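Participant: just to be clear, the model below is a prediction. Sequence and coordinates:
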Amino acid sequence: MAVPKKRTSSTRRDKRRATHKAAKARVNHCPQCHHPRLPHRVCPNCGQYKGREVIAPKEQPFGTVTPDA
């Protein structure tokens, strides 16, 4: 049965594990409403993708103020 001849040092172990870290989420802003959204996805705020409305926009709750773009 294969067994390591020497103990793996903490530096070598940490260098190996450094590639497994989670990547930051890339966030773009919608060109119509400037709301943050993920790239290549429909804007959750205004429902537009590539300049055309794909889904109906979310209704604003009563009493909320929408920011002017």
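Facilitator: Okay, I see it.

Participant: I'd say Tyr49 and Arg41 touch.
Facilitator: Yes - under the criterion of CB atoms under 8 Å, Tyr49 makes contact with Arg41 at 7.5 Å. All C-beta spots, glycine's among them, are computed from the backbone N, C-alpha and C.

Participant: show me which of the two is the more surrounded one.
Facilitator: Tyr49 (15 against 10; other CB atoms under 10 Å).

Participant: and the residue nearest to the more buried one when sequence neighbours are not counted, what does it touch?
Facilitator: In this structure, Tyr49 finds its nearest non-sequential neighbour in Val42, 4.6 Å apart by CB to CB, 6 or more residues apart in numbering. Going by CB atoms under 8 Å, 6 or more residues apart in numbering, Val42 touches 48-49, 54-55.

Participant: tell me which of these fall in strands.
Facilitator: Counted as lying in strands by DSSP state E, out of these, are 48-49.

Participant: can you list the weak-confidence ranges in the protein?
Facilitator: 60-69 (pLDDT under 70).

Participant: can you show me the helices along this structure?
Facilitator: 10-17 (DSSP state H).
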